[in-house]
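> coordinates for the following, if possible.
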Amino acid sequence: MTSIDTNPAFTLRASGDEEIPAYPIALRLRGKGCLVVGGGRVAARKVRSLVAAGAQVRVVAPDLCAELARLRAAGAEWEWEQRPFVAADVRGCLLAVAATDDPVVNAQVAAAAREHGALANVIDDPEAGDFHVPSVAQRGPLQVAVSTSGLAPALAVSLRRRFEALLPEEMGSAVAMLGRARRRAREGGLDETQRKRLARELAGLDIERLLVEGGLPKVETAIGSCISRYLA
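Predicted coordinates:
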């Protein structure tokens, strides 16, 4: 079966207009300014994920839902300005999320983002913004993102749950081990050819099978065996 994500010829037509597939990207947001407009449950989800990514989050909303109020009371690492949105709020931000229940305000956030050079995510109208957030199955540093380009978000969630069920809980720790092995190879004085060979060997490990057979200790042993052939 051909994957639409890897088929450059794939196009989807809706109402006679050609839809261009979204460009998938993983952003490093540590220290980057991100604005969330709205104080409801959807905004709460966005705030949690942005804070988890290390972003400097500012929320602009007249009121906060119970979840955001609890986070704030617990000393959450984000700012709240208790007032309506104004266009200048977007200034200096990399991302602006329009998460209110008012389409007019959400459109104003998107327009202000365009004016100030920020990327906008409009919750109730993905096509009005510059990006949408995929549904993500996560095990530590491992992320499996499912996107329908904003056309069928419920399907993306359903598929994400199916992928999530297939990922062992320890997979994230195994990925972290592979990351440490990669650093050792980079810092161990190997030449480029050796690094590539080691990378291929590590990539060839059947991590899922190793986890089933012996858990993380067996993964660690297999990784160590690969590295020992190149590093003393």
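> mind giving me the domain split of the chain?
Domain ranges of the chain: 26-133, 134-167, 171-228, per automatic domain parsing.
> give the helix, strand or coil label for the residue nearest to the spatial centre of the chain.
Geometric centre of the chain, nearest residue: Ala26, 5.9 Å, by CA atoms, centre = their mean. Of the three states, Ala26 takes coil under DSSP: H, G, I helix; E, B strand; the rest coil.
> distance of it from Ala199?
Distance, Ala26 to Ala199, by CB to CB, to the nearest Å: 20 Å. Backbone N, C-alpha and C define where each C-beta goes, glycine included.
> swap in Leu231?
For Leu231 relative to Ala199 (CB to CB), the value is 13 Å.
> tell me, what's touching the two both at once?
Both Leu231 and Ala199 are contacted by Ala185, under the criterion CB atoms under 8 Å, 6 or more residues apart in numbering.
> could I have the longest helix anywhere in the chain exported to PDB, CA atoms only?
Longest helix of the chain, by residue count under DSSP state H: helix 207-228. C-alpha atoms of helix 207-228 as PDB (Å, rounded to 0.1, in the frame of the first residue of the first chain):
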ATOM      1  CA  ILE A 207      14.500  -3.500  19.700                       C
ATOM      2  CA  GLU A 208      10.900  -4.700  20.100                       C
ATOM      3  CA  ARG A 209      12.000  -8.400  20.100                       C
ATOM      4  CA  LEU A 210      14.800  -7.700  22.500                       C
ATOM      5  CA  LEU A 211      12.300  -6.000  24.900                       C
ATOM      6  CA  VAL A 212       9.900  -8.900  24.700                       C
ATOM      7  CA  GLU A 213      12.700 -11.500  25.300                       C
ATOM      8  CA  GLY A 214      14.600  -9.800  28.100                       C
ATOM      9  CA  GLY A 215      13.500  -6.200  28.700                       C
ATOM     10  CA  LEU A 216      15.900  -3.300  28.900                       C
ATOM     11  CA  PRO A 217      18.800  -5.400  30.200                       C
ATOM     12  CA  LYS A 218      18.800  -7.400  26.900                       C
ATOM     13  CA  VAL A 219      18.600  -4.200  24.900                       C
ATOM     14  CA  GLU A 220      21.600  -2.800  26.800                       C
ATOM     15  CA  THR A 221      23.600  -6.000  26.300                       C
ATOM     16  CA  ALA A 222      22.900  -6.000  22.500                       C
ATOM     17  CA  ILE A 223      23.800  -2.300  22.200                       C
ATOM     18  CA  GLY A 224      27.000  -2.800  24.300                       C
ATOM     19  CA  SER A 225      28.000  -5.700  22.100                       C
ATOM     20  CA  CYS A 226      27.800  -3.500  19.000                       C
ATOM     21  CA  ILE A 227      29.800  -0.800  20.600                       C
ATOM     22  CA  SER A 228      32.500  -3.100  21.900                       C
END
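> wait, doesn't Ala185 sit right on Cys226?
No: between Ala185 and Cys226 there is no contact under CB atoms under 8 Å: 9.4 Å.
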